[in-house]
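Engineer: model this:
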Amino acid sequence: PELEYVLLRRLGAGDLNLAGWTLNDEQDNHFTFPEQPALVLFAGGAVQVYTRSGADTPTEMYWNRADPVWEPGEWVVLRDAQGGEQARYQIP
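Structural biologist: Residues are numbered from 1 along each chain as shown. Below is the predicted model of the structure:
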């Protein structure tokens, strides 16, 4: 888990509040973006979500897990606060 992370980049226009959004894998492991303080991605902005432990910053979030999550061939799914799928990426 020390090297494992997912990079999310805001490609659309305007600000995107990620409060309550989740990253999920196929085994239903999920990382939930906090409600407070809410993370807002500005146009062109990015955040890295690390599997390992650490202190959250405006550009880095930490899942605080001891074990890796992402396996080759598996899908990472980004869901909004209502559970709607917003993005999908397959781990190489």
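Engineer: residue 30 reaches residue 23, doesn't it?
Structural biologist: Yes - the pair residue 30 and residue 23 passes the contact test of CB atoms under 8 Å, sitting 6.5 Å apart. C-betas here are computed from N, CA, C, even on glycine.
Engineer: more neighbours: which of these two?
Structural biologist: More crowded of residue 30 and residue 23, by other CB atoms under 10 Å: residue 23, with 23 against 13.
Engineer: what pairs with the more buried one across the strands?
Structural biologist: Beta-bridge partners recorded for residue 23 (DSSP bridges): residue 31, residue 78.
Engineer: enumerate every residue touching it.
Structural biologist: Residue 23 makes contacts with 6, 30, 31, 49, 76, 77, 78, as judged by CB atoms under 8 Å, 6 or more residues apart in numbering.
Engineer: for the fifth one, pull up the helix or strand it's in.
Structural biologist: Which is residue 76. Element membership of residue 76, judged by DSSP states H and E, is strand 75-79.
Engineer: after that strand comes which helix or strand?
Structural biologist: Following strand 75-79 in sequence, per DSSP H and E, is strand 85-90.
Engineer: so what does that following strand touch, helix or strand wise?
Structural biologist: Judged by 3 or more CB pairs under 8 Å, 6 or more residues apart in numbering; DSSP states H and E, strand 85-90 is in contact with strand 75-79.
Engineer: put the alpha carbons of the strand it packs on into PDB.
Structural biologist: What follows is strand 75-79 as a C-alpha-only set of coordinates in PDB (Å, rounded to 0.1, in the frame of the first residue of the first chain):
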ATOM      1  CA  TRP A  75     -12.100  -1.600 -12.100                       C
ATOM      2  CA  VAL A  76     -11.900   1.600 -10.000                       C
ATOM      3  CA  VAL A  77     -15.300   3.300  -9.900                       C
ATOM      4  CA  LEU A  78     -15.900   6.900  -8.800                       C
ATOM      5  CA  ARG A  79     -19.500   7.400  -7.500                       C
END
